[in-house]
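A.B. asks: Please find the sequence and the predicted model below.
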Amino acid sequence: MRSMTCRRLRIALLVLALPLVAGACAAPVGAVRVDAQIVQRELTGNVLNTGELSRSTRNVLFFHGLSERFDEDSEAALDTMRKNIVAGLTGRDVFPAAAELSFFHAEASGKRSYYLAAAVYAWIFLFPDGGASLPDPLDPRLRMAADLYNRGIALGLASPDKTVMEMRAGTYELPWGELDVAFDKDRLRWASRDLIDFVPIAELKVSGLQVRIRRPGIGAALAAGMVPITEDQQVRDIIAPRIKVSATALMRIDDARKQLEGSRMRATLDLYPESETETVVIAGRTVPLEQEPTAALAWGLQESPVWERELKGFFGSVFQVGAKNQLVSLTPPRFGQIPVVFVHGTASSAGRWAEMINVLQADPAIRDHYDFWAFSYNSGSPIAYSAMILRDALTNAVRLLDPEGKDPGLKQMVVVGHSQGGLLTKMTAVHTGSRLYDAAFKKPIDQLNVSEETRDLVRKALFVEPLPFVKRVIFISTPHRGSFLAARDFVRSLLQRLVSTPARLVKGTAELLANREAFAAQGGNRLPTAVDNMSPRNPFVKTLSGIPIDSGVDAHSIIAVKGDGPVETGDDGVVKYESAHIEGVKSELVVRWEHSVQSQPEAIMEVRRILLQNVGAK
């Protein structure tokens with residue numbers, strides 16, 4: 001009996017010991033092979049891109065014995081860390097960690113004072129006081145610290161509803177005291193505008209553009225709106241009223257490490273529009289500013305009525321809203337800069353140039369020589385009328401911006417036109433004599449029974465001289481000999497019923513129709529629309545195609561051809577190659593694409609090449 005009891009006891013002890021033995025056999029430390037991307041994410045992840053603390057910051061918590069305390073009471077752990085810094089008990093590694101821990105707690109608690117604390121710690125790491133050594137440029141914490149600083153000031157100085165960053169002087173709470181921020185309100189001035197509504201670009205997801213340009217650096221990248229300083233600002237410039245300005249906010253904290261020892265800190269807030277500078281000097285170092293022009297451009301287009309105007313600008317009163325003829329600059333015009341004017345096509349808008357403008361503006365070699373303008377117009381109007389509006393707009397802009405004629409850049413203008421816009425572009429660079437008029441009328445203009453106002457309108461539209469300041473033109477998918485789509489009678493018939501006459505032409509139309517006997521051809525009871533003008537059989541386009549570009553203007557062609565068949569018999573779905581091709585151009589590039597080729601990389605790079613060649617750059 002006793003023997004059986006002992007046996008049972010031994011079995012029970014063995015059963016109890018098995019887990020201990022098994023545990024002793026398992027290695028407490030080890031490594032297993034996994035996908036390298038998993039390891040990379042573990043090593044490079046941080047609070048900004050994963051929502052979790054980085055490996056380097058967790059290491060610092062461990063070294064300072066604060067891992068558990070931070071989990072239990074984050075604010076107490078951060079207070080201890082700051083006291084250790086002030087007491088000189090820490091090394092440099094603590095600053096990026098303190099920045100990330102502060103940001104992590106700000107995200108969890110919603111306390112914006114910790115966003116500002118993150119910015120302070122990051123600044124100390126990036127720009128140490130006095131002669132302290134700089135961080136190793138290959139240290140990955142350098143970029144993390146810059147991003148924490150950038151986001152820290154954007155969120156720490158955010159409006160109560162957190163939709164915009166506030167650019168103003170004020171006193172802000174810190175976890176250990178207060179931060180006095182100085183700001184010069186004159187920094188809000190941008191040409192004849194005041195900048196407002198500073199949206200952090202880090203919160204903007206861009207769509208519709210293939211390229212997103214980011215210039216990594218220091219500062220909070222912003223997309224700013226603007227308001228006129230005075231009501232008559234358009235009298236003095238042509239800046240687009242709804243454009244969003246790419247700008248960067250920078251909060252300078254001089255002697256930040258020393259200031260950290262007290263309960264009150266001082267900083268200075270600065271604002272830098274992208275058009276003014278790309279770098280700043282901090283503690284004797286030239287540092288790039290964080291800039292994201294693509295997002296600012298996309299944000300401006302998102303809030304603009306430009307897309308709504310595409311069809312409205314073609315059909316006019318069918319939609320109860322006409323498109324406004326408008327020439328605008330995307331930045332304040334700069335002395336000596338050459339304007340590049342983009343002219344959109346039929347049922348289109350200036351927004352269709354976004355991809356090209358996005359890429360070209362990001363290129364310093366282009367940006368240092370050129371300003372970008374855009375012309376919008378009612379693309380259903382007669383082409384000669386729209387071209388007249390373009391010429392008037394360009395002439396008035398040059399007169400407005402350079403009344404004394406001293407700006408050399410304004411004398412070297414480049415005009416780029418897509419589709420119908422290419423025909424408008426051509427009419428800035430030709431001497432027509434009476435040819436266009438003779439194609440429309442068989443009576444001399446002085447014998448028309450119309451008012452002098454209408455006579456002057458006809459003369460300005462059909463008797464064209466090249467603009468003296470236009471020196472280069474670029475045609476993209478331009479129907480010089482018309483579009484085969486416009487040749488289809490049912491298409492023209494439908495659109496003729498829908499396209500309305502611009503108000504400025506209503507009176508003149510009635511007067512001209514009363515002179516039907518003066519018409520060179522029977523035109524019915526209306527003036528031709530742009531679609532009529534682009535029919536290969538139309539006298540206007542047939543005559544214009546035979547007029548050469550003025551000898552003082554260099555011309556270039558970019559022609560789209562679909563598929564991989566012979567170029568000479570190809571088309572882009574709207575315009576045949578034989579219509580887009582003209583003799584006498586300085587260059588011609590064929591791109592295998594459809595009609596809207598202006599957003600394709602080959603077309604953009606060709607425009608870039610032409611612009612660089614224009615200023616003698618390589």
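C.D. replies: Arrived safely. Residues are numbered from 1 along each chain as shown.
A.B. asks: which SS class is Ser535?
C.D. replies: coil (DSSP: H, G, I helix; E, B strand; the rest coil).
A.B. asks: How much space separates it from Arg481?
C.D. replies: Between Ser535 and Arg481 the computed distance is 10 Å (C-beta to C-beta, to the nearest Å). Where you see a C-beta, it was placed from the backbone N, CA and C, and this is true even at glycine.
A.B. asks: Helices along the stretch 101-250 of the chain, start to end?
C.D. replies: For the stretch 101-250 of the chain, helices defined by DSSP state H, counting those that start in this stretch occupy the ranges 112-126, 140-156.
A.B. asks: Put together a markdown table for those, with mean pLDDT, distance to Val29 and mean neighbour count on each row.
C.D. replies: Below are the helices of the stretch 101-250 of the chain laid out as a markdown table (pLDDT from 0 to 100; distance: least, C-beta to C-beta, whole Å; neighbours: other C-beta atoms under 10 Å):
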| stretch | mean pLDDT | distance to Val29 | mean neighbour count |
| --- | --- | --- | --- |
| helix 112-126 | 98 | 31 | 27 |
| helix 140-156 | 97 | 25 | 24 |
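A.B. asks: quick revisit: so which of Ser535 and Arg481 has more stuff around it?
C.D. replies: Between Ser535 and Arg481, counted using other C-beta atoms under 10 Å, the more crowded position is Ser535 (23 against 20).
A.B. asks: Distance-wise, check that one relative to His344.
C.D. replies: Distance, Ser535 to His344, by C-beta to C-beta: 20 Å.
A.B. asks: Residue nearest the middle of this protein, spatially speaking?
C.D. replies: Residue closest to the average C-alpha location in the chain (C-alpha atoms, centre = their mean): Leu297, at 2.6 Å.
A.B. asks: For the helix or strand encompassing Ala365, buried residues please.
C.D. replies: For Ala365, the element it lies in under DSSP states H and E is helix 364-367. Buried residues in helix 364-367, defined by neighbour count with 16 or more other C-beta atoms under 10 Å: Ile366, Arg367.
A.B. asks: Packing partners of that helix?
C.D. replies: The contact analysis (3 or more C-beta pairs under 8 Å, 6 or more residues apart in numbering; DSSP states H and E) places helix 364-367 against helix 354-361, helix 601-614.
A.B. asks: Alpha carbons of it, in PDB - could you do that?
C.D. replies: Provided in PDB are the C-alpha atoms of helix 364-367 (Å, rounded to 0.1, in the frame of the first residue of the first chain):
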ATOM      1  CA  PRO A 364      14.700  75.200 -60.300                       C
ATOM      2  CA  ALA A 365      16.200  75.700 -63.800                       C
ATOM      3  CA  ILE A 366      12.700  76.600 -65.000                       C
ATOM      4  CA  ARG A 367      11.400  78.400 -62.000                       C
END
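A.B. asks: got the contact list for that helix?
C.D. replies: Contacts to helix 364-367, defined as C-beta atoms under 8 Å, 6 or more residues apart in numbering, come from residues Leu360, Gln361, Arg608, Leu611, Leu612, Ala617.
A.B. asks: which among these end up buried?
C.D. replies: Leu360, Gln361, Arg608, Leu611, Leu612.
A.B. asks: Need the pLDDT of the closest residue to the last one other than its chain neighbours.
C.D. replies: By the measure of C-beta to C-beta, 6 or more residues apart in numbering, the closest residue to Leu612 outside its immediate chain neighbours is Ala365, 6.1 Å from it. According to the per-residue confidence, Ala365 scores 91 in pLDDT.
A.B. asks: Give me the contact list for stretch 582-592.
C.D. replies: 475, 480, 545, 548-549, 554-564, 567, 577, 581, 597, 600, 602-603, 606, 610.
A.B. asks: Of those, which belong to helices?
C.D. replies: If you go by DSSP state H, the contacts of stretch 582-592 have Ser545, Tyr577, Glu602, Ala603, Glu606, Ile610 in helices.
A.B. asks: Would you quantify the distance from the third one to Trp593?
C.D. replies: For Glu602, the distance to Trp593 under the criterion C-beta to C-beta works out to 8 Å.
A.B. asks: Comparing those two, which residue is more hemmed in?
C.D. replies: The residue with more neighbours, out of Glu602 and Trp593, is Trp593; 21 against 15, by other C-beta under 10 Å.
A.B. asks: could you measure the more buried one against Glu453, distance?
C.D. replies: Separation of Trp593 from Glu453 (C-beta to C-beta) stands at 44 Å.
A.B. asks: quick revisit: next, the residue nearest to the centre of the chain: secondary structure please.
C.D. replies: Under three-state DSSP, Leu297 falls in the helix class.
A.B. asks: pretty sure it contacts Trp353?
C.D. replies: No: using C-beta atoms under 8 Å, Leu297 is not in contact with Trp353, being 10.4 Å away.
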